[in-house]
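# fold the stuff below for me.
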Amino acid sequence: MKNLKIYEDWNTPPEYDDGPDPEEIGREIEHTEAEQLFTPLFVTEEEPGNDGPSRSGNGRIDFDILMDKTSEHTLWAVHVIDDAIPDSYKMLWNTADGEDYVQDDEAVINFATDEFKAGRYSEGVEAWEEDINNYDIKGNICLIKLTSPADVDFILEDLYDYLRPGHGSYIAKQRGYSSNTLRPEEISRVKRAINALIKYKRRIESNTVGGPTQA
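Modelled structure (predicted):
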């Protein structure tokens with residue numbers, strides 16, 4: 001029995017006990033729901049402690065998708081790869097490994113709200129692709145208004161690829177990162193976003209949404 005007791009003690013050493021749960025510290029830039037101009041349609045939220053989905057290039061798509069609060073419910077894409085959203089918008093957590101900035105839906109919505117108010121957005125993907133090469137613009141443009149069927153197809157292509165085995169985003173593939181396996185709940189979430197985008201594309205084609213009007 002003594003040997004068994006030694007084995008039990010060795011099998012569950014104190015240093016492997018779970019640490020304290022992460023605690024929210026707060027975020028520097030925060031808007032009330034009334035101040036926010038968007039609601040989330042498809043946003044990948046990170047988890048404190050580097051245990052959840054991240055934007056490090058591991059196969060996650062490079063865009064989040066928001067809907068504005070106008071009567072048109074226009075859809076917008078937010079280019080979120082490479083820490084495009086400043087830490088000031090993210091929630092700061094205290095974890096067992098130290099402080100950790102976490103990107104969540106509030107960070108994306110608040111960032112998009114401020115970018116729109118500052119006029120820092122592109123009218124469509126084609127304009128955005130020109131803007132990202134325009135060195136007269138201070139910093140990258142990350143907010144894109146989806147104004148045409150081609151804009152929607154651009155985002156749909158990423159989402160369809162995301163569902164395929166072996167997927168990696170364009171950025172991930174360029175860097176040689178391996179792709180991740182999607183959980184069933186993530187697959188369902190992607191499919192809901194695809195259905196919403198298809199319906200939105202039909203609305204654009206019927207000339208009931210999109211165009212240059214502001215949120």
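
# now the helices for the chain?
2-11, 105-117, 125-131, 149-163, 170-175, 184-205 (DSSP state H).

# ok, residues contacting the fourth one?
Same thing as helix 149-163. 42, 59-63, 65, 75, 77, 124-126, 144-146, 167, 169, 182, 187, 190-191, 193-194, 197-198, 200-201, 204-205 (C-beta atoms under 8 Å, 6 or more residues apart in numbering). For glycine as for every other residue, the C-beta is placed from the backbone atoms N, C-alpha and C.

# ok, Phe111 touching Ile85?
Yes: contact criterion C-beta atoms under 8 Å: Phe111 and Ile85 qualify, at 4.8 Å.

# mutual contacts of those two, please.
Val78, Cys142.

# which one of these two has more residues nearby?
For Phe111 versus Ile85, the count of surrounding residues by other C-beta atoms under 10 Å is larger for Phe111: 26 against 22.

# and that one, what does it touch?
Listed by C-beta under 8 Å, 6+ apart, the contact set of Phe111 reads Val78, Ile85, Pro86, Tyr89, Cys142.

# what about 7 Å?
Ile85, Tyr89 (C-beta atoms under 7 Å, 6 or more residues apart in numbering).

# same check on Arg120?
Per C-beta under 7 Å, 6+ apart, neighbours of Arg120: Ile141, Leu143.

# equivalent analysis for Asp64, please.
Counting by C-beta under 7 Å, 6+ apart, Asp64 touches Phe42, Val43, Thr44, Val78, Val80, Val108.

# let me see the contact set for the fifth one.
The reference is to Val80. Arg55, Asp62, Phe63, Asp64, Val108.

# try it again with 8 Å
Going by C-beta under 8 Å, 6+ apart, the list of residues near Val80 reads Thr44, Arg55, Asp62, Phe63, Asp64, Gln103, Val108, Cys142.

# got it, and Glu115?
Glu115 touches Tyr121, Cys142, Leu143, counting by C-beta under 8 Å, 6+ apart.

# from those, which land in strands?
Among the contacts of Glu115, the members found in strands (DSSP state E) are Leu143.

# neighbour-wise, give me the winner out of the contacts of Glu115.
Cys142 (25 neighbours).

# was I right to think that residue contacts Val78?
Yes: with contact defined as C-beta under 8 Å, Cys142 reaches Val78; the gap is 5.8 Å.

# list residues touching both of these two?
Joint contacts of Cys142 and Val78 (C-beta under 8 Å, 6+ apart) are Ala84, Ile85, Phe111.

# using JSON lines, lay out the residues you listed together with distance to Glu35.
Below are the shared contacts of Cys142 and Val78 laid out as JSON lines (distance: C-beta to C-beta, whole Å):
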{"residue": "Ala84", "distance to Glu35": "21"}
{"residue": "Ile85", "distance to Glu35": "17"}
{"residue": "Phe111", "distance to Glu35": "13"}
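
# columns distance to Thr32 and pLDDT on top of those, output as JSON lines?
Putting the shared contacts of Cys142 and Val78 into JSON lines (distance: C-beta to C-beta, whole Å; pLDDT from 0 to 100) gives the following:
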{"residue": "Ala84", "distance to Thr32": "23", "pLDDT": "87"}
{"residue": "Ile85", "distance to Thr32": "19", "pLDDT": "91"}
{"residue": "Phe111", "distance to Thr32": "15", "pLDDT": "97"}
